[in-house]
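A.B. asks: just the structure for this:
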Amino acid sequence: MPRRTSWTEFVGQHGAPIKTSTKIAVTGCPKAKKAVHRKPRRRAATRRRGSLPARRAPEAQTRVVTSLATVKARPRKYLGLGCAVALALGAPPAALGGVAPVAPRAAPARGKAAQTLPAGRPQAFLLASAPDSFADLQAHVAAIGVVYPTYFQCASPGGQPLGVPDPQIDAYLAAHGLPELPRFTCQDGATVHRILTDARARARTLASLATLAAGPDYAGLNLDLENDGARDRRALSAFVAALAARLHAERRELVVDVVGVEREDPRRATYLYDDRALAAAADGVFVIAWGIHWERSAPGPLAPLPYVRAVARRLARLPRARRFALGVPMYGLDWAGRGGPADPASALQHAGVLALARAVGAVPVRDPLSGELTFSYTRAGVAHRVWYLDAAAIAARLALAQRYGLGAGIWRLGEEDQALWAALPVRRDRGPPRARGGEPRTGPTRPRAIM
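C.D. replies: Model prediction:
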């Protein structure tokens, strides 16, 4: 007997249903009222191959909708599945049909107030060097739970932090009471090894990061150490524990970025990350659940649904599962020829993908296995292949996070498929938290766990 396709697989393959009237959407989802109030069930749940690539491209997505004739012919199949995605994300059934983006809420009067992350609102990276990333934050601030601006990176070979915060971004986040944890990234394997194992470099980096996180605008720090190997697994866990202790003493939080795997393998470079130990020490763990194909690989899907599902299942089985956030990419890659180091891919966001497809006359199709969109074209005699995620593909992965009781995160804010935001719940600003005397808190405070 053939296996039935689940609603997450269906949406990943065919896109979100078209926008319908409220009456039709509700009749297509008879359990809608009960599902809105039902707590997500925790499922019993059960990777990363080879060396670690540079996992984050700075760019994501196009939208293919089911035809109206098809929906009319089989309304239960399409509307019911679309409702399931919308309900999993806390949105009305017709939300994925492409309504206008959510407008920002009014800003609270004073101060910076880190808040507990509500279920349904994703953590989001903001690319500080890209103006479109800040503009996207302003357009959708009410739908975002935590922001990680990409301010700081390591210097090689010593590892000391370099970078300059953006006062405009900091002020905006403070005015909206949104928790801000700037990212410190180091993606040079040799430098990461030195930070973790050289006593002087380790002490200097710990002190510098604790100072950065103690800034009055910040709720803590996002730590992103990549491209080291399995040899430093214990050293990384010890470093995170030491840094978390320093930040907690200053009432700040620590979120650590790790690579998502289907299973741990001591022979793989991803064995660097001891997810159990990191979740025990840090306040949150952002899981990079993409990178199956990357800029220097052969062409292929970035975050295939079977892989993302396996990562989520594994995380759900770990202790402190609710501290993990399943990260979702919102960009695309354009490979020339066979790709690889000789022909690295170019990163594109959704707006760029749409413009490219129009220019070359290509029609994107959804790959049934991965749930991502792809198309090919030829330029100057060279064959190209594009893979990317649209709003439906992103929503299907966010729904997996909800299904398995995990947090959700996105890389990165920018020119992603704007239809996504209509499916996400928004918050109502309540202003800065009050101290016991009734006055707004003005000093640094350690927020409650954000996961």
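A.B. asks: assign a three-state SS to residue 322, would you?
C.D. replies: helix (DSSP: H, G, I helix; E, B strand; the rest coil).
A.B. asks: how much space separates it from residue 284?
C.D. replies: Distance of residue 322 to residue 284, given as CB to CB, to the nearest Å: 9 Å. Where you see a C-beta, it was placed from the backbone N, CA and C, and this is true even at glycine.
A.B. asks: residue 217 touches residue 180, doesn't it?
C.D. replies: Yes - if you go by CB atoms under 8 Å, residue 217 and residue 180 touch, sitting 6.1 Å apart.
A.B. asks: looking at these two, which one has more neighbours?
C.D. replies: Comparing residue 217 with residue 180 by other CB atoms under 10 Å, the one with more neighbours is residue 180, at 25 against 16.
A.B. asks: my read is that that one contacts residue 173, right?
C.D. replies: Yes - here residue 180 reaches residue 173: they are 4.5 Å apart, a contact under CB under 8 Å.
A.B. asks: residue 217 - that's part of a strand, no?
C.D. replies: No - applying three-state DSSP, one finds residue 217 to be coil, outside a strand.
A.B. asks: the stretch 101-250 of the chain: strands as residue ranges?
C.D. replies: All strands of the stretch 101-250 of the chain, identified by DSSP state E, counting those that start in this stretch, fall at 123-126, 146-149, 152-154, 161-162, 183-186, 220-225.
A.B. asks: and the ones you listed as TSV, adding mean neighbour count and mean pLDDT?
C.D. replies: Shown next, in TSV, are the strands of the stretch 101-250 of the chain (neighbours: other CB atoms under 10 Å; pLDDT from 0 to 100):
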stretch	mean neighbour count	mean pLDDT
strand 123-126	25	98
strand 146-149	26	98
strand 152-154	21	98
strand 161-162	16	96
strand 183-186	23	98
strand 220-225	27	98
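A.B. asks: which of residue 322 and residue 284 has more neighbours?
C.D. replies: The neighbour comparison of residue 322 against residue 284 (other CB under 10 Å) goes to residue 284, with 27 against 16.
A.B. asks: all helices for the stretch 201-350 of the chain, in order.
C.D. replies: Under the criterion DSSP state H, counting those that start in this stretch, the stretch 201-350 of the chain contains helices at 233-249, 275-281, 305-317, 350-360.
A.B. asks: pick the most buried one from these.
C.D. replies: helix 305-317 (a mean of 22; mean count of other CB atoms under 10 Å).
A.B. asks: which helices and strands sit right next to that helix?
C.D. replies: Here helix 305-317 touches helix 7-14, strand 324-329, helix 391-403, going by 3 or more CB pairs under 8 Å, 6 or more residues apart in numbering; DSSP states H and E.
A.B. asks: deepest-packed of these, please.
C.D. replies: Highest mean neighbour count of those: strand 324-329, a mean of 28 (counted as mean count of other CB under 10 Å).
A.B. asks: return the list of strands paired to that strand, each annotated with direction.
C.D. replies: strand 284-288 (parallel), strand 407-413 (parallel) (DSSP bridges).
A.B. asks: dump it to CSV, restricted to CA.
C.D. replies: Provided in CSV are the C-alpha atoms of strand 324-329 (Å, rounded to 0.1, in the frame of the first residue of the first chain):
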residue,chain,number,x,y,z
PHE,A,324,16.8,24.3,20.3
ALA,A,325,15.6,26.5,17.4
LEU,A,326,15.3,24.9,14.0
GLY,A,327,17.0,27.3,11.6
VAL,A,328,15.5,27.8,8.1
PRO,A,329,17.2,29.4,5.1
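A.B. asks: so for that strand, what's the average pLDDT?
C.D. replies: In this model, strand 324-329 has an average pLDDT of 98.
A.B. asks: what does stretch 237-245 give?
C.D. replies: pLDDT averaged over stretch 237-245 gives 98.
A.B. asks: contacting residues around it?
C.D. replies: Under the criterion CB atoms under 8 Å, 6 or more residues apart in numbering, residues 195-196, 202, 206, 209-210, 221, 223, 254, 256, 274, 277-278, 281-283 lie in contact with stretch 237-245.
A.B. asks: so which of the residues you listed comes closest to residue 141?
C.D. replies: Taking CB to CB as the measure, residue 141 sits nearest to residue 221 out of the contacts of stretch 237-245, at 21.2 Å.
A.B. asks: for that closest one, which non-adjacent residue is closest in space?
C.D. replies: Nearest residue to residue 221, sequence neighbours excluded (CB to CB, 6 or more residues apart in numbering): residue 213, at 4.0 Å.
A.B. asks: do residue 257 as well
C.D. replies: Using CB to CB, 6+ apart, the closest residue to residue 257 is residue 224 (4.1 Å).
A.B. asks: with residue 194 instead?
C.D. replies: Nearest to residue 194 is residue 201, by CB to CB, 6+ apart, at 5.0 Å.
A.B. asks: give me the nearest residue to residue 281, chain neighbours excluded.
C.D. replies: Per CB to CB, 6+ apart, closest to residue 281 is residue 241, 4.1 Å.
A.B. asks: quick one on the thing from earlier: tell me which of the strands paired with strand 324-329 sits nearest to residue 132.
C.D. replies: strand 407-413 (8.1 Å).
A.B. asks: returning to that earlier point: out of the contacts of stretch 237-245, which is nearest to residue 413?
C.D. replies: Nearest to residue 413 out of the contacts of stretch 237-245 is residue 221 (CB to CB; 18.9 Å).
A.B. asks: okay if I get the helices and strands packed on helix 305-317 as a markdown table plus distance to residue 151?
C.D. replies: Putting those into a markdown table (distance: least, CB to CB, whole Å) gives the following:
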| stretch | distance to residue 151 |
| --- | --- |
| helix 7-14 | 34 |
| strand 324-329 | 19 |
| helix 391-403 | 25 |
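A.B. asks: of these, which is nearest residue 296?
C.D. replies: Nearest to residue 296, of all the helices and strands packed on helix 305-317, is strand 324-329, at 16.0 Å by CB to CB.
A.B. asks: and the contacts of stretch 237-245, which two are the farthest apart?
C.D. replies: For these, the farthest-apart pair by CB to CB is 210 and 274; their separation is 21.9 Å.
A.B. asks: so where is the stretch 51-200 of the chain shaky, pLDDT-wise?
C.D. replies: By pLDDT under 70, the low-scoring segments of the stretch 51-200 of the chain are 51-120.
A.B. asks: just the helices in it please.
C.D. replies: Under DSSP H, counting those that start in this stretch, the stretch 51-200 of the chain gives helices at 68-73, 75-88, 131-140, 167-175, 189-197, 199-213.
A.B. asks: packing partners for the fourth one?
C.D. replies: With contacts defined as 3+ CB pairs under 8 Å, 6+ apart, the packing partners of helix 167-175 are helix 131-140, strand 146-149.
A.B. asks: who's the nearest residue to residue 163 once chain neighbours are set aside bridged to?
C.D. replies: Nearest residue to residue 163 in three dimensions, chain neighbours excluded: residue 152, at 3.8 Å (CB to CB, 6+ apart). Going by DSSP bridges, residue 152 is paired in beta bridges with residue 184.
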